[in-house]
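Student: generate coordinates for the sequence data below:
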Amino acid sequence: MLRSLGQRPVTGSVEDPRVAELRTAVSRLRRELAALPSDFPDRAIAEDELATLAAMASGGSPEIPRLRSALLLIAGAIGSVSALARGLGDVRQAVDLFGESPRA
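Tutor: All right, here's what the predicted structure looks like:
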């Protein structure tokens with residue numbers, strides 16, 4: 001069951017399952033983007049923001065407003081690339097696990 005959620009059992013370590021899900025989704029989308037043979041104008045933006053999300057996930061405690069900002073930039077950059085739609089949806093679901101961002 002842990003595998004289906006993108007989680008790995010780790011002895012002696014407690015990891016937030018939302019962070020594990022985010023890391024898995026971001027990694028998958030990064031691989032899909034790297035395998036895409038075509039280039040598009042905002043590819044570098046998508047790659048940079050995915051790297052930012054990966055860094056936040058590896059840190060273990062991502063900032064929710066920054067997660068949402070990165071997601072919007074990624075969606076804007078690759079939104080028209082249908083081959084990446086599923087991976088983008090997975091990243092969005094992973095970000096949504098963190099709940100709403102607090103309003104200022």
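
Student: pLDDT at the closest residue to I45 other than its chain neighbours, what is it?
Tutor: Spatial nearest neighbour of I45, excluding adjacent residues (C-beta to C-beta, 6 or more residues apart in numbering): A77 at 4.3 Å. Yep, even glycine has a C-beta here, placed from its N, CA and C like the rest. Among the per-residue scores, A77 holds a pLDDT of 94.

Student: any idea how far E32 is from I45?
Tutor: 16 Å (C-beta to C-beta, to the nearest Å).

Student: these two: which has the busier surroundings?
Tutor: The neighbour count for I45 versus E32, taken as other C-beta atoms under 10 Å, is higher for E32 (17 against 14).

Student: residue contacts, that one?
Tutor: Neighbouring residues of E32 by C-beta atoms under 8 Å, 6 or more residues apart in numbering: A83, L84, G87.

Student: in helices, which of these appear?
Tutor: G87 (DSSP state H).
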